[in-house]
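S.K.: A predicted structure for the sequence below; I have some questions about it.
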Amino acid sequence: MNELRVGDFTFGNGTPRICVPLIGRTEDEILNHANLIRSEINRLDAKYKDNPELKIAVIEWRADFYEQLGNTDKLLEILKKIREIFIDRLLLFTFRSEEQGGELRHDRVGGNLEPVMRAAIGSGLIDIVDIEVTCGNYKIARATTGAHSQGVKVLMSYHDTRHTPHDEDLIEKLRDMEILGGDILKIAVTPKNEFDTRRMMDLNKRMVSECFKPVVLISMGEKGVKSRFKCKETGACLTFATVGQESAPGQMEAADLIALLRNQ
């Protein structure tokens, strides 16, 4: 019941899908990084041609790093070029607030949320959009409704860059995400110790059976690395890896992550 099909990939079926962030402040930086990722995808696809479940499935453009985010014409130009490079992969559009561990002040996210979302969602170039659950229910509902009307799936997210909340608080967040229309439910937190990481992994395993949507719970940083590659154990539908640049602490290089997943 909690499986989700997007393009050629299924989320929530026991196979963790791999997502790689695409980062850059200028168009040149973004496209250079995109070409680097594409080259690594081609290499890894050839190396693991008998293991299609290990493919990098999602490219996450972290648009909050882009210095001209407010210029929707430029935004759409770059989106088109990114789509051409990754025509055979899913494209996730994200612009993360500073409060949630990103590059944009929260007030700028609030002011830009609707016009940027409208441009990205209406472009026909993205498959999934990240919507922060902290944006406010009215804005979330409008963005989610707009996405679904265009056939775009919603990855609803919550990040805690300071600690790991109590299980009850995290479960409440996941319930809110479901009610607000999230198609994939993502929570990333900061563990103080290995116990916090194990608690998140156990909670992920539990929520896979209790939620109606695919779930991914991540512990960030060095102490949380295990949560990024033990996805088959926890049932996490998604995991994040890097090619050259990380977007969150604790992300592993894609080649290393794939090697670990293959041996599980």
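M.R.: Sure thing, it's come through. Note that the structure is a prediction, hence the values are computed from the model and not measured.
S.K.: may I have the phi/psi pair for R17?
M.R.: Here is the backbone geometry of R17 (degrees, to the nearest 10): phi -80, psi 140.
S.K.: count of neighbours near it?
M.R.: R17 has 24 neighbouring residues, counting by other CB atoms under 10 Å. Quick note: C-beta positions are derived from backbone N, CA and C, even for glycine.
S.K.: pull the contacting residues for the nearest residue to it once chain neighbours are set aside.
M.R.: Nearest residue to R17, sequence neighbours excluded (CB to CB, 6 or more residues apart in numbering): A57, at 4.2 Å. Shown in contact with A57 (CB atoms under 8 Å, 6 or more residues apart in numbering): F9, R17, I18, C19, R89, L90.
S.K.: also N263?
M.R.: So N263 contacts nothing (CB under 8 Å, 6+ apart).
S.K.: next: G24.
M.R.: I30, L31, N32, H33, F65, Y66.
S.K.: run the last query once more with 6 Å
M.R.: I30, H33 (CB atoms under 6 Å, 6 or more residues apart in numbering).
S.K.: picking that back up, would you mind writing the CA trace of the host helix or strand of the residue nearest to R17 as CSV?
M.R.: Per DSSP states H and E: A57 is located in strand 56-62. The C-alpha trace of strand 56-62 is given here as CSV (Å, rounded to 0.1, in the frame of the first residue of the first chain):
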residue,chain,number,x,y,z
ILE,A,56,21.3,6.3,-9.1
ALA,A,57,17.6,7.0,-9.6
VAL,A,58,17.2,10.6,-8.5
ILE,A,59,19.1,13.9,-9.1
GLU,A,60,18.2,16.5,-6.6
TRP,A,61,18.9,20.0,-7.8
ARG,A,62,19.5,22.1,-4.7
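S.K.: what comes up buried for the helix or strand that that strand is followed by?
M.R.: As assigned by DSSP H and E, the chain's next helix or strand after strand 56-62 is helix 72-85. Burial within helix 72-85, assessed by neighbour count using 16 or more other CB atoms under 10 Å, is assigned to T72, L75, I78, L79, I82, R83, I85.
S.K.: and the last one, how far from D50?
M.R.: Read that as I85. Distance from I85 to D50, counting by CB to CB, to the nearest Å: 25 Å.
S.K.: what's the closest of the buried residues of helix 72-85 to R198?
M.R.: I82 (36.8 Å; CB to CB).
S.K.: give the contact list for the closest one.
M.R.: Contacts of I82 by CB under 6 Å, 6+ apart are A34, W61.
S.K.: and if we set it to 10 Å?
M.R.: Taking CB atoms under 10 Å, 6 or more residues apart in numbering, we find I82 in contact with L22, I30, L31, H33, A34, I37, I59, W61, L91, F93, L125, I126.
S.K.: just put these in JSON lines and tack on neighbour count and distance to L257.
M.R.: Output for those, formatted as JSON lines (neighbours: other CB atoms under 10 Å; distance: CB to CB, whole Å):
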{"residue": "L22", "neighbour count": "26", "distance to L257": "17"}
{"residue": "I30", "neighbour count": "21", "distance to L257": "23"}
{"residue": "L31", "neighbour count": "16", "distance to L257": "24"}
{"residue": "H33", "neighbour count": "21", "distance to L257": "18"}
{"residue": "A34", "neighbour count": "22", "distance to L257": "19"}
{"residue": "I37", "neighbour count": "25", "distance to L257": "14"}
{"residue": "I59", "neighbour count": "24", "distance to L257": "15"}
{"residue": "W61", "neighbour count": "29", "distance to L257": "20"}
{"residue": "L91", "neighbour count": "24", "distance to L257": "20"}
{"residue": "F93", "neighbour count": "28", "distance to L257": "22"}
{"residue": "L125", "neighbour count": "20", "distance to L257": "27"}
{"residue": "I126", "neighbour count": "22", "distance to L257": "24"}
